[in-house]
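Engineer: quick one, what's the 3D model for this:
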Amino acid sequence: MCEEKRINEINETQQQVQTNLENSNEINQREEISQVNQNELSEENKQLKEKIAELENQLKEIQNAARIIKATFENYKLDVDRQIRDATKSTALRIVKALIPILDDFKRAFKYYESDRDLEKFKLGVEKIYEKLLKTLENEGLKIIDASGKFDPFNHEAFEKEERDDVEEYTILEVIEDGYTFNGQVVKPTKVRVAIKPRKKEENTKDNAANDQQNT
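Structural biologist: All right, here's what the predicted structure looks like:
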């Protein structure tokens, strides 16, 4: 019995040792896994920091590029404004130079009339000067607005209205003052006399129709 008891004790001791060894191995494994996880987290944290640093550098580059673009655009606007001013001055100077000979023509015409007093010749001379002036302005982009046909509120101004029943309503009857466009833009509408329907005749027709209904 003593021998059997001793054997049992030895077995129990071996089992306890085995259990302790297994527990120790499990603890070691857990510690190894924990260490691996910490290493992985540390690596991920390092990568995130590197990515943040990279994004911050990209942001700085974008901000610098935006400042450069803004400065370039501001300089471009200044250059364009200066070019427009220079072009405007150049255009005005070209037109003035083209008009100076016409001023000289007017002075010659007045001087000729003072010495000759011939109204017919003076009239012909002024008409030629007018044609020359108009041609000069047309070369710069000025055009007389066409006033034939119907009234157009975008190009014409109804300076006078006339009741007419022999033409269609809003037909232009007469040009009172020429209108002009400059490079396609209206700078002065044409003043016209335009036809409208006779209002009194319409009122009388309505009154007669009302009286006929009452009598019926």
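
Engineer: what's the mean pLDDT across stretch 161-179?
Structural biologist: Stretch 161-179 shows an average pLDDT of 93 in the prediction.

Engineer: now tell me what touches it from outside.
Structural biologist: 144-145, 147-151, 155-157, 159-160, 186, 188-201 (CB atoms under 8 Å, 6 or more residues apart in numbering). Yep, even glycine has a C-beta here, placed from its N, CA and C like the rest.

Engineer: what sits against the most centrally placed residue in the chain?
Structural biologist: Central residue check for the chain by CA atoms, centre = their mean: the C-alpha nearest the mean position is that of K77, 15.4 Å away. Contacts for K77 (CB under 8 Å, 6+ apart) come out as none.

Engineer: ok, F182 - contacts?
Structural biologist: So F182 contacts E140, G141, L142, K143 (CB under 8 Å, 6+ apart).

Engineer: farthest pair in those residues?
Structural biologist: E140 and K143 (10.3 Å; CB to CB).

Engineer: make sure E157 is indeed in a helix.
Structural biologist: No: judged by DSSP: H, G, I helix; E, B strand; the rest coil, E157 forms no part of a helix; its state is strand.

Engineer: the closest residue in space to it that isn't next to it in sequence and A71: what is the separation?
Structural biologist: In space, E157 comes closest to P189 once its chain neighbours are excluded; the distance is 4.4 Å by CB to CB, 6 or more residues apart in numbering. Here the criterion is CB to CB, to the nearest Å. By it, P189 lies 45 Å from A71.

Engineer: between those two, who's got more neighbours?
Structural biologist: Neighbour tally, P189 and A71, criterion other CB atoms under 10 Å: the higher count belongs to P189, 21 against 10.

Engineer: next one: phi and psi at the more buried one?
Structural biologist: With angles defined as degrees, to the nearest 10, P189 sits at phi -70, psi 160.

Engineer: correct me, but it touches I145?
Structural biologist: Yes: using CB atoms under 8 Å, P189 is in contact with I145, at 7.2 Å.

Engineer: just the buried members of the contacts of stretch 161-179?
Structural biologist: With neighbours counted by 16 or more other CB atoms under 10 Å, those contain buried members at I145, A147, F151, H156, P189, T190, K191, V192, V194, A195.

Engineer: overlap of the contact sets of P189 and I145?
Structural biologist: N155, H156, G179.

Engineer: any idea how far stretch 134-151 is from the middle of the chain?
Structural biologist: The chain centre lies 29 Å from the centre of stretch 134-151; the measure is CA atoms, centre = their mean, to the nearest Å.
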